[in-house]
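Participant: Got a predicted structure here, sequence first:
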Amino acid sequence: MAFSRTELLSFQNALVPDLLGPGLRLLFVGINPGLWSAATGSHFARPGNRFYPALAAAGITEYPIRAGDGMAEEDRNHLIARGVGITNIVPRATARADELEADELRTGARRLEGMIEELGPRVVAVAGVTAYRVGFGQPKAQLGRQPERITGAELWAVPNPSGLNAHHNVATLAAVYREAALAAGIVPATPA
């Protein structure tokens with residue numbers, strides 16, 4: 001599937017439905033949907049995004065999910081069955097995360113608290129340490145498990161899987177995502 005720039009721009013401010021289900025143990029929280037994600041209705045869908053390859057490499061999913069053309073129902077069901085959910089700090093789509101205001105990130109973090117209290121995941125993993133710092137008021141936060149919890153859930157700041165994040169590759173993303181999944185009880189302590 002391919003979109004023209006004009007087509008993608010028509011999805012500015014669109015919403016992507018959360019991927020949530022019963023038995024949620026690990027909630028991944030993106031910064032906000034990109035335009036490609038809004039166009040396909042699938043989180044982390046832009047070609048080149050390393051989120052799903054990293055999930056597979058970490059053992060969180062049994063196979064790499066392909067979301068670039070929209071996520072297949074069987075893939076949604078696979079994530080839910082594994083206890084994985086996906087949402088965003090800010091629900092509206094933009095071309096770039098830097099189009100978001102700090103107030104939007106702070107408001108989104110407060111909105112997440114209600115969602116987390118209702119759904120009760122063991123672990124909440126925010127994908128993007130800079131957005132985490134702003135949204136959660138933790139300007140010195142580093143990647144990894146955070147000292148604070150959010151309505152009982154462990155809180156993690158994990159690397160953003162965007163291809164624009166040159167500091168990480170699939171292997172390094174997988175290592176951090178696996179640690180969060182281990183804390184959530186999704187993967188065994190030793191790889192199979």
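Facilitator: On my side now, so go ahead. A quick note: this is a predicted structure, and the numbers were derived from the prediction, not measured. Residues are numbered from 1 along each chain as shown.
Participant: List the contacts of R122.
Facilitator: Contacts of R122 were listed using CB atoms under 8 Å, 6 or more residues apart in numbering, and they are R25, L26, A153, E154, A183, A184, G185. Where C-beta positions appear, they are placed from N, C-alpha and C, glycine not excepted.
Participant: and those, which two are the farthest apart?
Facilitator: Across those, no pair lies farther apart than A153 and G185, at 12.4 Å, counting by CB to CB.
Participant: Settle it for me: which of the two has more neighbours?
Facilitator: Neighbours were counted for A153 and for G185 using other CB atoms under 10 Å; A153 has more, 24 against 12.
Participant: On the three-state scheme, the closest residue to the more buried one other than its chain neighbours is what?
Facilitator: Nearest residue to A153, sequence neighbours excluded (CB to CB, 6 or more residues apart in numbering): V124, at 4.8 Å. Following DSSP: H, G, I helix; E, B strand; the rest coil, the label given to V124 is strand.
Participant: Tell me what V124 is bridged to.
Facilitator: L27, L155 (DSSP bridges).
Participant: now swap in T94 and tell me
Facilitator: Bridge pairing for T94 - DSSP bridges - gives G34.
Participant: tell me the contacts of it?
Facilitator: Q12, N13, N32, G34, L35, L100.
Participant: how many other residues sit next to the fifth one?
Facilitator: Spelled out, it's L35. 23.
Participant: so where's this structure uncertain?
Facilitator: 163-166, 191-192 (pLDDT under 70).
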